[in-house]
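**Q** sequence and predicted structure, then a few things I'm wondering about:
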Amino acid sequence: MRPTSFPLTRMIFVVILLVCQAYLLIRILSYVRTKEKGKLLRILASTPFVLFNLPVFYLTFFRPSNSFMSVLIVWMFLSPFYVWQFSSLIIVLLILVGKIVGLPFAAVLKMLRVIPSRKEKLKRIGSSSKFQKFDQSRRAFVRTAFWGSTAYVVGSSAHGVFLRSKYERLEKTLLFPNLPRALNGLTIGLISDIHSGPYLSKDEIDEYVRVVNAWRPDIVFLPGDFVTIDPSEIYPVKESLRDLRAPLGVYGCLGNHEFYTGRPDDLTKELEDAGVRILRNENLRVRFNDTNFSLIGIDDLRHGDNFPAAMSGVQGDDFKILLCHKPYFFPRAAESAIDLVLSGHTHGGQVVFVKVGDFALAPATFVSPYVAGLYEMGRSQMYVSRGVGTIGVPFRINCPPEVTKLILIRT
């Protein structure tokens, strides 16, 4: 455990969390006072706000090591803390949305009260029995909606803690009319966004490796974010990935979190020591059934990516596969006649508030149109993995981790 740097973005986020907590506490204490429940109840109402905010300062100023963050500590202390903080943030956002929606109506009423004739009429309406009954019903509805939303948010968050490691084994068939006949049936094992750290144990990484090996893929791809923030987090990943097996090899690219450590070159060396060939703005040709295809990899976008260098020397008639951690690059890849892009980064949204069929409402959907699954643009396709790790909060809602087997088929 050691102090960490305190970037402005982290400070802003911590302030937002504390402001949300203070706002909720003030509202609850105000409600308790109006009910005249006594000093003891006010103390009891304040206690969880104090207890659940103490870890903020530790997690802000100190970086916990894997050895310190035992499974017991994570489950007993940090998971409830994250559920509380995340739920509080969403509840405050819901309250603000409600106030914004009601703002036009409140503004109209305020304007009408300025007009003397309308003011008197509003008073008569407000004192009528029908309006009083309606107002009581409205208040009851708002209370029920608020507590129902609160229960849903808290329950979903708590449930997401248990589902964090409940992964799916997906098998997807990708159809390409221009796939060389010799590549028909090529199988790919895909593991993305491992995010080694306190919330993903080596045993879990070993399990993902066993799943991929059991598929016996021809080739394995790992499109970035092996660690979370600490360079030492690479060691359990390294030990696990040593066991990956594929006749054509294991390949990867670097994600943004490798660069966040400040030591991407060192992490590249550790991964290559484990048998993972990291492609950094470069390409190579892989031979399968007497036919070559081009495999291209670029560093994380805005952290050293150099696509022109990566494409240097690529044969124009080769089938081309690009490893790019962030899916935002897809339009440019499609313009460059890349046949298949493999990405991660989004975690499929990780926290998906509503999911109906192919529609998903998550923070990630406001950042990128490419969140999870298969996308097509012209002759190009991109598969975005939900990954296996988490970031920010150690849980997933409506978005399980995935380990994926892709099969390329000529149509």
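**A** Right, received. Where do you want to start?
**Q** contact partners for Trp84?
**A** When contacts are counted by Cβ atoms under 8 Å, 6 or more residues apart in numbering, Trp84 touches 48, 52. (Glycine included, C-beta is placed from N, CA and C.)
**Q** give me the pLDDT for it.
**A** Trp84 is assigned 78 on the pLDDT scale.
**Q** next: Thr9.
**A** 63.
**Q** likewise Gly387?
**A** Reported pLDDT for Gly387: 95.
**Q** pretty sure it contacts Gly349?
**A** No. Gly387 is beyond contact range of Gly349, at 10.8 Å (criterion: Cβ atoms under 8 Å).
**Q** which one of these two is surrounded by more residues?
**A** Remark: of Gly387 and Gly349, Gly387 carries more neighbours, 31 against 22, as counted by other Cβ atoms under 10 Å.
**Q** and that one, what are its phi and psi?
**A** Dihedral pair for Gly387: phi 70, psi -180, per degrees, to the nearest 10.
**Q** quick one, helices of the stretch 151-300 of the chain?
**A** Here the stretch 151-300 of the chain has its helices, by DSSP state H, counting those that start in this stretch, at 202-215, 234-241, 256-260, 264-273.
**Q** where does the stretch 251-400 of the chain have low pLDDT?
**A** Low-confidence segments of the stretch 251-400 of the chain, defined by pLDDT under 70, are located at 357-358.
**Q** and with 80 instead?
**A** For the stretch 251-400 of the chain, the stretches with pLDDT under 80 are 353-366, 392-393.
**Q** show me the strands in it, by range?
**A** Taking DSSP state E, counting those that start in this stretch as the test, the strands found in the stretch 251-400 of the chain are 276-278, 282-288, 291-297, 319-323, 340-343, 354-356, 359-361, 373-377, 380-384.
**Q** same list (the ones you listed) but as CSV, adding distance to Ala45.
**A** Shown next, in CSV, are the strands of the stretch 251-400 of the chain (distance: least, Cβ to Cβ, whole Å):
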stretch, distance to Ala45
strand 276-278, 52
strand 282-288, 59
strand 291-297, 54
strand 319-323, 52
strand 340-343, 46
strand 354-356, 31
strand 359-361, 32
strand 373-377, 44
strand 380-384, 43
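**Q** what residues are up against the nearest residue to Leu25 once chain neighbours are set aside?
**A** Spatially, and ignoring its direct neighbours in sequence, Leu25 is nearest to Phe49 (4.8 Å; Cβ to Cβ, 6 or more residues apart in numbering). Contact analysis of Phe49 by Cβ under 8 Å, 6+ apart lists 21, 24-25.
**Q** narrow those to those in helices?
**A** Under the assignment DSSP state H, these contribute 21, 24-25 to helices.
**Q** check the spatially closest residue to Val227 that is not a sequence neighbour and give its pLDDT.
**A** Excluding its sequence neighbours, the residue lying closest to Val227 (Cβ to Cβ, 6+ apart) is Glu233, at 4.1 Å. In the predicted model, Glu233 carries a pLDDT score of 92.
**Q** and the one 3 residues further on, by the same measure?
**A** The model reports Pro236 with a pLDDT of 92.
**Q** what sits against the residue nearest to it when sequence neighbours are not counted?
**A** What sits nearest to Pro236 in space, not counting adjacent residues and going by Cβ to Cβ, 6+ apart, is Lys202, at 3.9 Å. Counting by Cβ under 8 Å, 6+ apart, Lys202 makes contact with 236, 239-240.
**Q** repeat for Ser196
**A** Neighbours of Ser196 in contact, by Cβ under 8 Å, 6+ apart: 66, 205, 226-228, 233-234, 236-237, 389.
**Q** ok, so of those residues, who is nearest Ile338?
**A** Phe226 (23.2 Å; Cβ to Cβ).
**Q** contacting residues for the closest one?
**A** 194-196, 233-234, 237, 252, 255, 257-258, 267, 271.
**Q** what kind of secondary structure is the residue nearest to Leu25 in?
**A** helix (DSSP: H, G, I helix; E, B strand; the rest coil).
**Q** and the pLDDT for it?
**A** 78.
**Q** now Val154
**A** 68.
**Q** same question, the one 3 residues further on
**A** Reported pLDDT at Ser157 in the predicted model: 63.
**Q** show me which of the contacts of Ser196 is closest to Glu282.
**A** Phe226 (18.3 Å).
**Q** re the thing from before, the contacts of Phe226 into JSON lines, with extra columns for distance to Glu335?
**A** JSON lines is the format used below for the contacts of Phe226 (distance: Cβ to Cβ, whole Å):
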{"residue": "Ile194", "distance to Glu335": "30"}
{"residue": "His195", "distance to Glu335": "31"}
{"residue": "Ser196", "distance to Glu335": "34"}
{"residue": "Glu233", "distance to Glu335": "36"}
{"residue": "Ile234", "distance to Glu335": "34"}
{"residue": "Val237", "distance to Glu335": "34"}
{"residue": "Gly252", "distance to Glu335": "24"}
{"residue": "Gly255", "distance to Glu335": "23"}
{"residue": "His257", "distance to Glu335": "28"}
{"residue": "Glu258", "distance to Glu335": "26"}
{"residue": "Leu267", "distance to Glu335": "30"}
{"residue": "Leu271", "distance to Glu335": "30"}
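**Q** return the member of those nearest to Met11.
**A** Using Cβ to Cβ, the contacts of Phe226 come closest to Met11 at His257, 20.0 Å.
**Q** that closest one: neighbour count?
**A** His257 has 28 nearby residues by other Cβ under 10 Å.
**Q** give me the neighbour count for the residue lying closest to it once chain neighbours are set aside.
**A** Once flanking residues are discounted, His257 sits nearest to Asp225: 4.7 Å by Cβ to Cβ, 6+ apart. Neighbourhood size, Asp225 [other Cβ under 10 Å]: 28.
**Q** what about the stretch 101-250 of the chain, any weak spots by pLDDT?
**A** In the stretch 101-250 of the chain, residues with pLDDT under 80: 101-103, 105-165, 198-199.
**Q** for the nearest residue to Gln381 once chain neighbours are set aside, list each beta-bridge partner.
**A** Distance criterion Cβ to Cβ, 6+ apart; nearest residue to Gln381, sequence neighbours excluded, is Leu340 at 5.5 Å. Counting by DSSP bridges, Leu340 forms beta bridges with Ile321, Gln381.
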